[in-house]
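**Q** Prediction below, plus the sequence it came from.
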Amino acid sequence: ENIMINLPQTKNLILDLSNGWLTIWLNRPNSRNALTNDMIEDFNNVFNSVGDDRSVRGITFRGKEGVFCAGADLKAIKSIFDGKSKKEDVIRFSVAAGNFFESINALPQVTVMVIEGAAMAGGLGLACSGDFIITHKDTRFSLTETMIGLTPAQISPFVIQRLGFAKGKQLMLSGTQINGEEAVTIGLADFAGNTDSELEELEQNIKTQVLKCAPGAVAETKRLIGLIAKIPREEMVSKAGESFAERVLSDEGREGIASFLEKRKPGWSV
């Protein structure tokens, strides 16, 4: 049995764990929940503590005070070049951000982004690194980097993964702002709601469905999906064969097949 792992202390995030679901609130509302090195470190500590814990079935990301995330903290970045810092410092910040987005993308749990207010630049990239995106209809989405002379460098793979090349490229090159309803239309978001309770109902629908799925199988499926873009087709076939065989012979696989044949719910289903 999994013993619940203690969640770390976090200064920039509020953590709420109930019924096998962790909600992580970005909590720097005065700077519109912009990403800093410290916030990324908080996130990494949380991921390290829950990554191997199959009793945590899903993770929701939200921003406090009605704003999701305004991207990287530009004040912090400006202080880098005002302080005559080196190019290496900027690279280090960018690489840490890239690794952060990838660590969300690779989490073994199902991840849900609940987005209100604004998801700009890196905040939009953060959204795209999750599995499901629920948005308020009035949320403002924009990849503003090119409008201020920058590039959406580290988030580009996740934007492309979410939207495909054509649409992703258009948003990056034009800096166009769209709302939550338009985001659903182009596939940037999955579901849109008008009120807090509608957003929570949409989130609950996903939770209810995910809690029917075996946590080990979900984790292994996410690992396999991560391989698709990385390895040649022939190798994928043998890796997938191995994965499937391990699952059939695992405790979850045995229980799942037995429950199907015995017409009952499996043990992990709530």
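**A** Looks like it arrived, so ask away.

**Q** and Arg62, which of the three is it?
**A** strand (DSSP: H, G, I helix; E, B strand; the rest coil).

**Q** Check the burial of it by counting its neighbours.
**A** Arg62 has 24 neighbours, counted by other CB atoms under 10 Å. To be clear about C-beta, it is placed using only N, CA and C from the backbone, and glycine gets the same treatment.

**Q** Look up how far Thr135 lies from it.
**A** 11 Å (CB to CB, to the nearest Å).

**Q** before we move on, what about Trp268?
**A** 29 Å.

**Q** Next: Ile91.
**A** 32 Å.

**Q** ok, Trp268 and Thr135, which is more surrounded?
**A** The residue with more neighbours, out of Trp268 and Thr135, is Thr135; 27 against 20, by other CB under 10 Å.

**Q** on contacts alone, who are the packing partners of the helix or strand hosting the more buried one?
**A** Following DSSP states H and E, one finds Thr135 within strand 132-136. Using 3 or more CB pairs under 8 Å, 6 or more residues apart in numbering; DSSP states H and E, the elements in contact with strand 132-136 are strand 110-115, helix 180-186, strand 191-193, helix 196-210.

**Q** tally of neighbours for Lys207?
**A** 19.

**Q** dump the residue contacts of it.
**A** 21, 58, 112 (CB atoms under 8 Å, 6 or more residues apart in numbering).

**Q** Can you show me the helices along this protein?
**A** Under the criterion DSSP state H, the chain carries helices at the ranges 37-50, 74-82, 87-105, 122-128, 156-163, 165-174, 180-186, 196-210, 215-228, 233-249, 251-261.

**Q** Reformat the ones you listed as JSON lines; add mean pLDDT.
**A** Below are the helices of the chain laid out as JSON lines (pLDDT from 0 to 100):
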{"stretch": "helix 37-50", "mean pLDDT": "96"}
{"stretch": "helix 74-82", "mean pLDDT": "76"}
{"stretch": "helix 87-105", "mean pLDDT": "91"}
{"stretch": "helix 122-128", "mean pLDDT": "97"}
{"stretch": "helix 156-163", "mean pLDDT": "96"}
{"stretch": "helix 165-174", "mean pLDDT": "97"}
{"stretch": "helix 180-186", "mean pLDDT": "98"}
{"stretch": "helix 196-210", "mean pLDDT": "98"}
{"stretch": "helix 215-228", "mean pLDDT": "96"}
{"stretch": "helix 233-249", "mean pLDDT": "95"}
{"stretch": "helix 251-261", "mean pLDDT": "96"}
